[in-house]
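>>> generate coordinates for the sequence data below:
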Amino acid sequence: MSPSIESTIGFSRRFLNLIVGNRIPGVKSLCCFDLTDQQLFYPEIPPQSQGSGLTQRKKQMAFSALMMESIGIPRSSFNFRASARNDQWKIDCFPLAEREVICADQSGRAFLFDAKTHQAQTMPSLHKPKSLPFTVFVPNANADNDYDHNGYGSTLFVMERIPKPEVGCRAQYSLRLPQAHRGKGVGTYCLDTASHTWSEVGKWTLPFHGRVEYVPELKLWFGLSGEARHLAAADLSSMDSEPQLVGPWKEHCLPEEWKECKDSQLVNLGSGRFCITRFFHTRIHNCDFGDESIAVFTGVEVVPHVRDFNGDANKGGNGKVELQMTPHKSKCHTYNGSTIDAVF
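Sure thing, here's the model as predicted:
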């Protein structure tokens, strides 16, 4: 029997999914990288990454970044088109679990598409149209498979990036915002997904920027750090005080003329492996066409290491367990006229 895809490449995800926009208003495409073809990981931890000094490590990171292999965006698996309304076309795509995505246009029409089965189904209107929405997906697979409906199923919450009251929106479709979100202070809040109510946790903010995700293998939450936007982790099991970051870790050193142009995105691939996607504007040397837009996909791996009292790693004994991040491969895509809106 041939080995499974999970044991072959070391993680539970086979596909990396992209929501791609183009020059046609109101049209987006779902494109899927097969991770067995676009290999972002070496078969094992690169030998040069083990025991490297800081200076040598930076040289290796910079060299690997400059030697990146170019890749193209795969053909679209499905195209999403908004319905016309007052000569305006706008569609938002919200990733769910695995390879499912919900799409909603400016008129409120919504449908669910499963890239695995290539099936689409219509849905009730999700929410009143929003200008800059973001989503939080709360999975509950056990309840989803409970056909007697004895519990709450998976839930998708949709909010504005700049929250504001929704005039005329029925209460069951709109979350009551905490005071800080209505312009009265800064803090961290928890949302009860059953009662749809907020509670204040503290007067501090989480040390992350954007989405964070729990990794059960390492018992930590992972995301991009709030300041440098580097991969980092934190223990959020207790929220009695401000969480402290583990890391952060920088995956590569890029040329100074490469300027990040929008927020990076992090995808958990399972088994301590992640894909970090960063977006740049850069001027290519000896090129007459000016600036280029580049997306860089990097595979990284986080593993625990035991450090003994003398500072040596993997010596066993009664040493302290620390996490080590190892960058694997980086691949870049140069795009012209298209945009990568989401990676999941």
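
>>> these two touch, right, Pro95 and Asn17?
Yes: with contact defined as Cβ atoms under 8 Å, Pro95 and Asn17 form a contacting pair (7.1 Å). (Each C-beta comes from the backbone N, C-alpha and C, glycine too.)

>>> who touches both of these two?
Common neighbours of Pro95 and Asn17 (criterion: Cβ atoms under 8 Å, 6 or more residues apart in numbering): 101, 344.

>>> which intervals of the stretch 1-150 of the chain have sub-threshold pLDDT?
Applying pLDDT under 70 to the stretch 1-150 of the chain flags the ranges 1-11, 38, 44-67, 85-87, 126-129, 141-150.

>>> which residue ranges of it form strands?
15-21, 27-34, 69-70, 76-81, 91-95, 100-105, 110-114, 119-123, 133-138 (DSSP state E, counting those that start in this stretch).

>>> state the distance from the residue nearest to the spatial centre of the chain to Ala232.
Taking Cα atoms, centre = their mean, the centroid of the chain lies closest to Leu266, which sits 3.3 Å from it. Distance, Leu266 to Ala232, using Cβ to Cβ, to the nearest Å: 10 Å.

>>> what is in contact with the two at once?
Overlap between the neighbourhoods of Leu266 and Ala232 consists of 222-224, taking contacts as Cβ under 8 Å, 6+ apart.

>>> returning to what we had before: sheet-wise, list the partners of the host helix or strand of the residue nearest to the centre of the chain with their directions.
Using DSSP states H and E, Leu266 sits in strand 259-270. If you go by DSSP bridges, strand 259-270 pairs up with strand 273-283 (antiparallel).

>>> put the alpha carbons of the partner strand into CSV.
Taking Å, rounded to 0.1, in the frame of the first residue of the first chain, the C-alpha atoms of strand 273-283 are listed here in CSV:
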residue,chain,number,x,y,z
ARG,A,273,3.7,23.4,9.6
PHE,A,274,2.5,26.7,8.2
CYS,A,275,2.4,28.6,5.0
ILE,A,276,3.2,32.4,5.3
THR,A,277,2.1,34.5,2.3
ARG,A,278,3.6,38.0,2.0
PHE,A,279,2.8,40.7,-0.6
PHE,A,280,5.4,43.1,-2.0
HIS,A,281,5.9,45.9,-4.5
THR,A,282,9.4,45.8,-5.9
ARG,A,283,11.5,47.2,-8.8
